[in-house]
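In: Here's my sequence, what's the structure:
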Amino acid sequence: MVDGGVYMSLRVQNKLAVVTGGGRGVGRAIAERLVAEGAKVIITDINAAAGKSTATAIGATFFRQDVSLQADWLALRQHLEKLDQGLDILINNAAILRSADPLTETLAGWQALMRVNAESVFLGVNTLLAMMAASGGGSIVNMSSSSALMGMPQFTAYAAAKAAVRSLTMSTAVYCKQAGNGVRCNSVHPDGINTDMVREIAGVMQPLAREAAMRSVPFLCEPQAVANVLLFLASDDSLHVNGAAICVDNTATIHPPYI
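Out: Model (predicted):
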């Protein structure tokens, strides 16, 4: 690529990347940014229509996946093995959002959040880490949240799941460093992101929870801002960044807008 007569290399040229939950929102923004920087991207999503549409629009490929099912992760690994290109980048982005405090949350709601937001990240690491190591190393980026780093009673199960993601990230990073396998693992902690999912949940929140959420509006960021951080962590520009918790929150974590 040439810009003003100066040659600029693409930051993830020819790297193979998997982005879960890539059909819309921040997942789509991440996938699009990686494609623009030269990566070969596989979008996975439970919503086949959105996933196929996004893949066609941005120049990626699509693989239908329910990230909460081990069988679907094993199917994805088989698909990657058939491609015989290894794996360089895994973005564990897929998630669901639910508003409930410690008393209004239900066991079923808690378990659903844990399956999709936490267990899926474990399954991704557990299923694909060895393939990535065999490829010579790479980057795993787990999408966590500012809620993993501070109390958010209106999102009790969501926050707990994202905290589990942070802990898994640290354990994975240390494991990879000790194994010397060339794989790095980091977590990203946005505050509110201006996506359809966030707007949808805001519309059904209880009044007190909605009031608290509205105080976070000045801290909202666009999906592209998160995608830029993910690109850095996915690329070789961040070769010495391993086990980090990267906040993309305009100080929300250290100056909570909710209090």
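In: State which strand of the protein is the longest.
Out: Using DSSP state E to define each element, the chain has its longest strand at strand 183-190.
In: What is that one packed up against?
Out: With contacts taken as 3 or more Cβ pairs under 8 Å, 6 or more residues apart in numbering; DSSP states H and E, strand 183-190 sits against helix 120-134, strand 138-143, helix 156-179, helix 223-234, strand 245-248. For every residue, glycine as well, the C-beta is placed using N, CA and C.
In: Residue nearest the middle of the protein, spatially speaking?
Out: Asn93 (2.4 Å; Cα atoms, centre = their mean).
In: wait, isn't that residue in contact with Ile30?
Out: Yes - contact criterion Cβ atoms under 8 Å: Asn93 and Ile30 qualify, at 6.3 Å.
In: what do the two both touch?
Out: Common neighbours of Asn93 and Ile30 (criterion: Cβ atoms under 8 Å, 6 or more residues apart in numbering): 19, 22.
In: how would you label Phe62: helix, strand or coil?
Out: For Phe62, the assignment made with DSSP: H, G, I helix; E, B strand; the rest coil gives strand.
In: And for the one 4 residues further on?
Out: When the structure is split into helix, strand and coil by three-state DSSP, Asp66 lands in coil.
In: pretty sure it contacts Ile46?
Out: Yes - look at Asp66 against Ile46 with Cβ under 8 Å: they come within range, at 4.9 Å.
In: hmm, back to that, just checking: what are the partner strands of the longest strand of the chain?
Out: Within its sheet, strand 183-190 is paired with strand 138-143 (parallel), strand 245-248 (parallel), according to DSSP bridges.
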